[in-house]
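Chemist: make a model of this:
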Amino acid sequence: MIALKNISHTYSENLTIGFKEGEFTRNHNYLILGESGSGKSTLINIMTGLLRPTGGTVWIDDVDIYGLKEAQRDKFRAERIGIVFQRPHFLTSLTVTENLKLTQSLANQTIDKIRINEVLNRLAILDKKDEYPNSLSVGQLQRLSIARAILNKPNYIIADEPTSSLDDKNTDKVLSLLIEQSEAEQASLIVATHDKRVKDLISNIYSLEGEVAP
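Modeler: Have a look, this model is predicted:
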């Protein structure tokens, strides 16, 4: 379970984001809904151990992640959490397969080509395994982002604005892929977005302030 309590982050004396309380349990899907600029990406970065909050606590599977040293926290995140970032971040000098091998390596996992091919096949991009990220379409990069997020069999898949630039048809496709893959990995899916179309696909909804939305 991911448990957040009294989270706050101050950028300046005029800008503080807050999230009162939230719990995200395994095998459930959640939506963090908020307007653009309300701090959703900040909250995701705090939740995943990428940004230390000004106040509050983050516990993941009974571990206080900000009680860990930075290297320990990086390893913990690589083992437990798969992140789908708002924009793809891949090393353009490495092929698709090499980028995924790096993902396994950062989690101290044995390089497993069978697992890599399995995940790429599930997401219908196995034929792109020897290509470089710059040669992929936007949709293929998005699928590769999902492949990287699920590769190490995480407990939690966390997506930051995965549908913000998509039309209705592709929004449904991407959300269906995320839900399908989280179910296949028996992981919790947490999506942060301003896109209210997603409300029809994910029923457990939090506002940024941490209150359950109607």
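Chemist: who's in contact with stretch 64-77?
Modeler: The contact list for stretch 64-77 (C-beta atoms under 8 Å, 6 or more residues apart in numbering) reads 48-50, 52-53, 57-60, 63, 106-108. Any C-beta I mention is one placed from the backbone N, CA and C, and that applies to glycine too.
Chemist: how about 6 Å then?
Modeler: Stretch 64-77 has contacts (C-beta atoms under 6 Å, 6 or more residues apart in numbering) with Thr48, Gly49, Arg52, Val58.
Chemist: nearest to Ile158, of these?
Modeler: Thr48 (6.0 Å; C-beta to C-beta).
Chemist: so who does the closest one touch?
Modeler: Contacts for Thr48 (C-beta under 6 Å, 6+ apart) come out as Arg77, Ile81, Ile83, Ile158.
Chemist: which residues does the closest residue to it other than its chain neighbours form a beta bridge with?
Modeler: Nearest non-adjacent residue to Thr48, counting by C-beta to C-beta, 6 or more residues apart in numbering: Ile81, 5.4 Å away. Beta-bridge pairing of Ile81 under DSSP bridges involves Tyr156.
Chemist: contacts only, for Ile81.
Modeler: With the criterion set at C-beta under 6 Å, 6+ apart, Ile81 makes contact with Thr48, Pro154, Tyr156.
Chemist: for Glu98, state which of the contacts of stretch 64-77 is nearest.
Modeler: Nearest member of the contacts of stretch 64-77 to Glu98, counting by C-beta to C-beta, is Thr48, at 23.6 Å.
Chemist: centre of the chain to stretch 195-207, how far?
Modeler: Its chain's average C-alpha position is 16 Å from that of stretch 195-207, according to C-alpha atoms, centre = their mean, to the nearest Å.
Chemist: can you give me the buried ones in that stretch?
Modeler: Buried residues in stretch 195-207, defined by neighbour count with 16 or more other C-beta atoms under 10 Å: Asp195, Val198, Leu201, Ile202, Asn204, Ile205, Tyr206, Ser207.
Chemist: stretch 88-102 now?
Modeler: Neighbour counts over stretch 88-102 (16+ other C-beta under 10 Å) mark Phe90, Thr95, Val96, Thr97, Asn99, Leu100, Lys101 as buried.
Chemist: can you list those residues in a markdown table and add secondary structure, pLDDT and distance to Ser8?
Modeler: What follows is those, written out as a markdown table (DSSP: H, G, I helix; E, B strand; the rest coil; pLDDT from 0 to 100; distance: C-beta to C-beta, whole Å):
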| residue | secondary structure | pLDDT | distance to Ser8 |
| --- | --- | --- | --- |
| Phe90 | coil | 95 | 32 |
| Thr95 | coil | 97 | 42 |
| Val96 | helix | 97 | 39 |
| Thr97 | helix | 97 | 41 |
| Asn99 | helix | 97 | 35 |
| Leu100 | helix | 97 | 36 |
| Lys101 | helix | 96 | 38 |
